[in-house]
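K.L.:
Take this sequence and fold it.
(chains A and B)
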Amino acid sequence: MIRLYDSARGSVVPLDPRDEGAVSIYLCGPTVYDLPHLGHGRHALVWDTLRRWLTFGGLAVRFVSNVTDIDDKIIARADAEHVGEDEITATYEAAWWDALDALGVARPDATPHATAYVDQMIALIERLLALDVAYECEDGIYFDVSRVADYGLLAGQPLESLRAGARVESNPDKRSPLDFALWKNAKFAEPSWSSPFGSGRPGWHTECVVMSLGLLGDDFDLHCGGLDLKFPHHENERAQAVALGRPFARHWAHHGWVMVGGEKMSKSLHNFTSLTDLLAQTDARAYRLLVLRSHYRSPIEVSPATVADAERALARLDALARRFALPALAGEGLEVASGVVWGDEGLALYETVEAAMEDDLDTPSAVAALFEAATRANALADEGATARATELAAALNACCGALGLRLIGDESALDAETLRLVTRRDQARAQREWAVADRYRDDLVARGWVVEDGPGGTVVRRA
RNA sequence: GGCGGCGUGGCCGAGUGGUUAGGCAGGGGCCUGCAAAGCCCCGUACUCCGGUUCGAAUCCGGACGCCGCCUCCA
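P.N.:
Purely as a prediction, here's the structure:
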């Protein structure tokens, strides 16, 4: 079984699923009030990789990721643009899925929306009130963090220490600055739901408890998300479950940030690049490769230079796919290892990749093994060991597919004019009329093709 | 103030007590009509200062620098 760094334990431990052969994962999804940025892209890619890998290994993965569609920022944006909240959430949720589809991120098995779970959230808050773990203030209902004995588990700090660092609290009614809103009473012209404790809307930390436990059940396996959600969001989710006496996530995993110029990319720092913009000018697979080349818990620096570097590295793998006519994998469905015929060379590669992946999702090592295999497959083919080379190349492709990395080897269909130039060039070369052949090559290059001489004559691919 | 992380060759980025990470870029060679793709070879890195050790980029102590969480945030 895969070993993962568990944020609650502070160490790498084997994943210990509740049900044998199955893994239940909850991923905190986006608040849809703006275009997704590169950090969201990494978030989606990292956990898509984990999901794909576990699935590849034969586990039945149930992957749930929510969409937060009621929130202060959504309301603020709707106000600023003089449109309804519905319009904001519809626009940006569509942008979210468009971007993830482009990245080749598989859709979750379920994508619960907060607004569809308000009734359950109200019920949860009522129970917390009944247990006296929640209390009422002028502006809403708050959770009393002092009622959870091990509050601070995920933060890695005891309650007192957290309290000492808390900033000046604007709400004097709260018993502790760390207490968080379960329910916010309705203000003028805000979306609201009626409840036993008045009209209002749920606080952010409640939705994920209700939806994760509701869809995956008590004691589900893995709760993951960005490092910035560890505290207070995940801490607070957990606090509610603990207060209710319900076993929550068995494991916690968090990924690191996308950095820009040495600083965390974030909306509040205004240093973000939208994923939508990146994907408009870059091969999405290059971003996936860039993400895979660093460890998920490390920060990654994303810049035009690092993206270009990844694009060139990807070109090397695509060239291999072209040479061995490998089929494009990692499409709509998730790949499964049991369907792969490895062969000796391939099995050695798979075992190397597997060892890396099972060691806390060590994708950099896995990718290194893939590149080494690419060199070896090419070398074998150069030596004439065609069968072994082909077998290794196929295994490499299967491993890439397992990581969600789609290699593209087949050439795009050629238009008539391109086909004509290719034929003319081959004729000229057959007659050793090099100057003429070179002129046709120049024409092809001018039309956006890269020209290579293969065993069967001119081969072109898009530049 | 509390807690945590990081500092690796031109760049990106792993690793972790002794043997090549990997990629990109660069140099040399092979192949090619010339290219492209591919293969082979090359740089010999680990912030600084002490310490432990036969041996440290890797462990310990200290210094310096950087980043993050403690507030919304992937």
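
K.L.:
Show me what counts as buried in stretch A:205-217.
P.N.:
A:205-213, A:215-216 (16 or more other C-beta atoms under 10 Å). Every residue, glycine included, has its C-beta placed from N, CA and C.

K.L.:
With secondary structure and distance to A:Ala395 added, can I get the residues you listed in a markdown table?
P.N.:
Formatted as a markdown table, these follow (DSSP: H, G, I helix; E, B strand; the rest coil; distance: C-beta to C-beta, whole Å):
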| residue | secondary structure | distance to A:Ala395 |
| --- | --- | --- |
| A:His205 | helix | 45 |
| A:Thr206 | helix | 47 |
| A:Glu207 | helix | 43 |
| A:Cys208 | helix | 39 |
| A:Val209 | helix | 43 |
| A:Val210 | helix | 44 |
| A:Met211 | helix | 39 |
| A:Ser212 | helix | 37 |
| A:Leu213 | helix | 40 |
| A:Leu215 | helix | 36 |
| A:Leu216 | helix | 34 |
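
K.L.:
Are we agreed that A:Ala328 is in a helix?
P.N.:
No - using DSSP: H, G, I helix; E, B strand; the rest coil, the assignment for A:Ala328 is coil, not a helix.

K.L.:
Just give the number of residues close to it.
P.N.:
13 (other C-beta atoms under 10 Å).

K.L.:
Then A:Gly10?
P.N.:
Count around A:Gly10 with other C-beta under 10 Å applied: 11.

K.L.:
tell me the contacts of it?
P.N.:
A:Gly156 (C-beta atoms under 8 Å, 6 or more residues apart in numbering).

K.L.:
residue ranges with poor pLDDT in chain A?
P.N.:
Residues of chain A meeting the criterion pLDDT under 70: A:168-170, A:411-412.

K.L.:
Name the residue of the stretch 201-350 of chain A that lies nearest to RNA strand B.
P.N.:
For the stretch 201-350 of chain A, the residue closest to RNA strand B is A:Gly226, as judged by C-beta to the nearest atom of the strand, at 2.2 Å.

K.L.:
Distance to RNA strand B for the buried residues of stretch A:205-217 - can I get that in a markdown table?
P.N.:
Shown next, in a markdown table, are the buried residues of stretch A:205-217 (distance: C-beta to the nearest atom of the strand, whole Å):
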| residue | distance to RNA strand B |
| --- | --- |
| A:His205 | 8 |
| A:Thr206 | 12 |
| A:Glu207 | 10 |
| A:Cys208 | 10 |
| A:Val209 | 14 |
| A:Val210 | 15 |
| A:Met211 | 14 |
| A:Ser212 | 14 |
| A:Leu213 | 19 |
| A:Leu215 | 18 |
| A:Leu216 | 18 |
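
K.L.:
okay, these in CSV with distance to A:Val367 next?
P.N.:
Shown next, in CSV, are these (distance: C-beta to C-beta, whole Å):
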residue, distance to A:Val367
A:His205, 36
A:Thr206, 39
A:Glu207, 36
A:Cys208, 32
A:Val209, 36
A:Val210, 38
A:Met211, 34
A:Ser212, 31
A:Leu213, 36
A:Leu215, 33
A:Leu216, 31
